[in-house]
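Visitor: prediction below, plus the sequence it came from.
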Amino acid sequence: MSAPEIPQHLHLLSSDAAGWDGLHLIYELEPADEMPEINLHQHFIVICQDNVRVGWLLNGRWQYIDYTAGDMMIFPANQLLPRVQVASEVGLIELFLEPETLARAVCEYVDVDKIELVPQLQLRDPLIQQMGMALKTELEIGQADSKLYADSMSTALSAHLLRRYASHKPQNPNCSNGLPKYKLKAAIDYIHAHLDQNLTLDKIAASVYMSSHYFASLFKQSTGMTPHQYVTKCRIEKAKQLLRKHELPLVEICQQVGFQNQSHFTRVFRQHTATTPKAYRDGL
């Protein structure tokens, strides 16, 4: 008798090739299957894309939960993920958040070691659902260009998890006045000087000697935009300047403003100007 066929876990999308740091995404079709317990080293968030019944082996007994599309689970890092039974094939967005990323979001908090996430077997959280879908879409379209977006989203996700699902809530520092003017200028200068490079939130924050989370909060208060939104705005404005130089090929302009491929450059440019780079140049 031949051995039973092992169900395939079909990964339709993964951030592995996009170079994301601190936050990783897998979009997969989970087959009807039973999986053993496992110890994950990252915080694990699962967002259901379909309705499915799932069984969890808890304290020696199976507990069955009916999930609907949009339901999610949160499992803290370095805790045992229980043995699980999945009744039918289901699409899942899986987010893996590194513990160091979560810790950086609260580096201003007095006792980081005492902050831990509380496991959640079933919940609805529209904000996390929106983040998961936005990250999936950005990865599908942007690939390598999605890294800064993922950095910004990992900071926002960390802050939200700490506010809503941590056993000890961090204290928010007083940041009502935004960044000091000299730090804002230094950050903006750094952004403009590195538009053609792989800008990350960590790099921008480090240029002014701040944590990513604290910097992102103060930067938005100072500018009205997240660092990712500001970088994108700067890239589009520089692209417009370069497009006025008709001798420059579009592919070179794409590289000079920090996009890894021309299709992503065209998509983002159209979002901000309602036209393509070529049409913008032709209309000058």
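Guide: Great, that's in hand.
Visitor: now do the same end-to-end measure for stretch 84-102.
Guide: Terminal residues of stretch 84-102 are spaced 26 Å apart (CA to CA, to the nearest Å).
Visitor: buried ones in that stretch?
Guide: 84, 86, 90-99, 101-102 (16 or more other CB atoms under 10 Å). Quick note: C-beta positions are derived from backbone N, CA and C, even for glycine.
Visitor: inside strands: which ones of those?
Guide: 84, 86, 90-97 (DSSP state E).
Visitor: output those as CSV; include the columns pLDDT.
Guide: Below are these laid out as CSV (pLDDT from 0 to 100):
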residue, pLDDT
V84, 95
V86, 96
V90, 96
G91, 96
L92, 97
I93, 97
E94, 97
L95, 97
F96, 97
L97, 96
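Visitor: coming back round to it: need the buried residues of stretch 84-102 in CSV with distance to F75, can you?
Guide: Converted to CSV, these look like this (distance: CB to CB, whole Å):
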residue, distance to F75
V84, 11
V86, 15
V90, 17
G91, 19
L92, 13
I93, 14
E94, 11
L95, 11
F96, 10
L97, 11
E98, 14
P99, 12
T101, 16
L102, 13
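Visitor: ok, these vs S154, which is closest?
Guide: S154 has its nearest neighbour among the buried residues of stretch 84-102 in T101, at 5.3 Å by CB to CB.
Visitor: now the residue nearest to that closest one when sequence neighbours are not counted: phi and psi?
Guide: Nearest residue to T101 in three dimensions, chain neighbours excluded: G22, at 3.6 Å (CB to CB, 6 or more residues apart in numbering). Dihedral pair for G22: phi 90, psi -30, per degrees, to the nearest 10.
Visitor: quick check, G22 in contact with M153.
Guide: No: using CB atoms under 8 Å, G22 makes no contact with M153, being 10.1 Å away.
Visitor: what about the longest helix seen in the chain, distance to the chain center?
Guide: Criterion DSSP state H: the longest helix present in the chain is helix 147-165. The chain centroid and the centroid of helix 147-165 are separated by 7 Å under CA atoms, centre = their mean, to the nearest Å.
Visitor: farthest-separated two in the ones in strands among the buried residues of stretch 84-102?
Guide: Maximum distance among those (CB to CB): 22.3 Å, for V86 and L97.
Visitor: any weak-confidence spans in this structure?
Guide: Scanning the chain for pLDDT under 70 picks out the ranges 1-8, 106-114, 168-176.
Visitor: quick one: the helices in it?
Guide: In the chain, the helices defined using DSSP H lie at 99-104, 126-142, 147-165, 181-193, 201-207, 212-223, 227-243, 250-256, 262-273, 277-282.
Visitor: closest to H43 out of these?
Guide: Closest among those, using CB to CB: helix 99-104, at 6.3 Å.
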